[in-house]
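# what follows is a protein structure lacking sequence information:
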Ligand SMILES: Nc1ncnc2c1ncn2[C@@H]1O[C@H](COP(=O)(O)OP(=O)(O)OP(=O)(O)O)[C@@H](O)[C@H]1O
């Protein structure tokens, strides 16, 4: 009997602990906007008047031209946790951050915050363009709740972190977007926030500064700061956040472990608004006939398996052939194939540059159809959406004969490789 009582007390303490760990609760938050400016102003006046008169009821109905920018979104954030917010353009991410930051009110639902929130929303948000960097630091940190004395104490650290030198005494309107982001980031992190809201700001600035921000974020996390990070860069989300929320047209489609959520999000990048697949990526990419004076035309591109069947998508670690099928009108010698691949769903950076010339290979083509094949014994790309520039050129000066600017394709993975930059074939064994 005594044991039971102790256990119940322990359980109650645990529940209490886990509750006090929650720094943010977003409960059924909805927000509607109106596309028509005149109407939006009219609705605004109506809403304020009825609120003043105490008549404003539940605003669950949409009026003409209104739409839900957020619809019944709920999640919790714990102390020291990092949560990624993903979704296509216009899915409601910034609106949600603005509601959490208290910049706009939800139409229904509520946000409960346990601590200090520092928003790093749009670049230099909160900065007054005609004030200097120095004046803005004071204004910004005061808004975030610091006293003049506290700001004086932190000031040198802030400018040292921002590394903007003499520009600190120039008006912020003369700053580049990178400089404004540095200053915004530096002042926000020095307010010792409990929750930091970061909207794409980490994608500006040079690589060195970004690395410094990431290091500082890791330190803040160790001290218990929680983050919400909005980014179109899936790798940033996976690297920084253990949890993620996926918004689509204002609704929370999915929440959970970030690698799982990102997988689904990346898959959906190829689904259009009507739910159809946007590009038949795997089906042959067929080019129209063009008047090419170069003596060669690329007719189609496709990825195929070893048996020549068209692949719906590539799979990390599995073999594939890229078939470049075309037509030549004359003899062409020393033709080179080049394939440059960008990772669309992440940084859009080049991740692969393959040129037959680099491998000392070129092809002689004679009038009629041809197929040049690039065989990859295993696909080293990780899951995601990619775009390839495919180009045929010939020596001696690599004159371009024909090219395809953007051949999109999807790579899927059967194993969890999301935290890796590329696919690594592997085998595990114990050797006694
Ligand atoms: N003040 C506003 N008035 C009317 N519509 C708005 C307003 N603010 C945002 N919207 C609309 O609400 C929707 C959600 O916008 P939001 O900026 O939250 O999307 P997002 O997911 O942050 O997009 P992005 O990835 O492009 O930054 C969009 O359709 C946008 O046009």
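Sure thing, it's come through. A quick note: this is a predicted structure, and the numbers were derived from the prediction, not measured. Numbering: from 1, shown residues only.

# now the strands: where do they sit in the stretch 1-150 of the chain?
22-34, 66-78, 82-86, 108-113, 117-120 (DSSP state E, counting those that start in this stretch).

# same list, these, but as JSON lines with mean pLDDT please.
Output for the strands of the stretch 1-150 of the chain, formatted as JSON lines (pLDDT from 0 to 100):
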{"stretch": "strand 22-34", "mean pLDDT": "92"}
{"stretch": "strand 66-78", "mean pLDDT": "92"}
{"stretch": "strand 82-86", "mean pLDDT": "92"}
{"stretch": "strand 108-113", "mean pLDDT": "92"}
{"stretch": "strand 117-120", "mean pLDDT": "79"}
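
# next one: the spatially closest residue to residue 331 that is not a sequence neighbour from residue 61, what distance?
Among residues not flanking residue 331 along the chain, residue 366 sits closest, at 5.7 Å (Cβ to Cβ, 6 or more residues apart in numbering). In short, each C-beta sits where N, CA and C put it, glycine included. Remark: distance between residue 366 and residue 61 (Cβ to Cβ, to the nearest Å) = 70 Å.

# near the ligand, which residues of this protein? Just list them.
For the chain, the residues in contact with the ligand (Cβ under 6 Å from any ligand atom) are 33, 69, 87, 89-95.

# of all the residues you listed, which two lie farthest apart?
33 and 87 (15.9 Å; Cβ to Cβ).

# looking at those two, which is more packed in?
residue 87 (22 against 17; other Cβ atoms under 10 Å).

# contact partners for the more buried one?
93, 246-248, 265 (Cβ atoms under 8 Å, 6 or more residues apart in numbering).

# now tabulate those in TSV and tack on pLDDT and neighbour count.
TSV is the format used below for the contacts of residue 87 (pLDDT from 0 to 100; neighbours: other Cβ atoms under 10 Å):
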residue	pLDDT	neighbour count
93	92	23
246	94	23
247	94	26
248	92	18
265	84	25
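
# so which of these comes closest to residue 330?
residue 265 (47.4 Å).

# where do the domain boundaries of this protein fall?
20-268, 285-412 (automatic domain parsing).

# if you average pLDDT over each of those, which is lowest?
The stretch with the lowest mean pLDDT among the domains of the chain is domain 20-268, at a mean of 84.

# look up how far the ligand lies from the residue nearest to residue 331.
50 Å (Cβ to the nearest ligand atom, to the nearest Å).

# pull out the buried residues from stretch 23-40.
23-24, 26, 29-34 (16 or more other Cβ atoms under 10 Å).

# just the helices in this protein please.
2-20, 37-52, 93-100, 133-143, 148-162, 177-189, 207-222, 234-240, 258-268 (DSSP state H).

# out of those, nearest to residue 79?
Across the helices of the chain, closest to residue 79 is helix 2-20 (Cβ to Cβ), at 8.5 Å.

# before we move on, the earlier item: between the buried residues of stretch 23-40, which is nearest residue 344?
Looking across the buried residues of stretch 23-40 and measuring by Cβ to Cβ, the closest to residue 344 is residue 33, at 28.7 Å.

# for that closest one, list each beta-bridge partner.
residue 67 (DSSP bridges).

# quick one: residues contacting it.
Contacts of residue 33 by Cβ under 8 Å, 6+ apart are 40, 66-67, 69, 95.

# the stretch 301-432 of the chain: strands as residue ranges?
314-315, 320-328, 332-343, 350-355, 363-365, 368-376, 384-394, 399-412.

# check contacts around residue 237.
84, 86, 229, 231, 244, 258, 262.

# hang on, the earlier thing: could I get the helices of the chain as a markdown table with distance to residue 424?
Rendered in a markdown table, the data for the helices of the chain read as follows (distance: least, Cβ to Cβ, whole Å):
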| stretch | distance to residue 424 |
| --- | --- |
| helix 2-20 | 37 |
| helix 37-52 | 52 |
| helix 93-100 | 32 |
| helix 133-143 | 44 |
| helix 148-162 | 36 |
| helix 177-189 | 33 |
| helix 207-222 | 23 |
| helix 234-240 | 16 |
| helix 258-268 | 16 |
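
# minimum distance to residue 406: which of the ones you listed has it?
Across the helices of the chain, closest to residue 406 is helix 258-268 (Cβ to Cβ), at 17.4 Å.

# sweet, I'm off.
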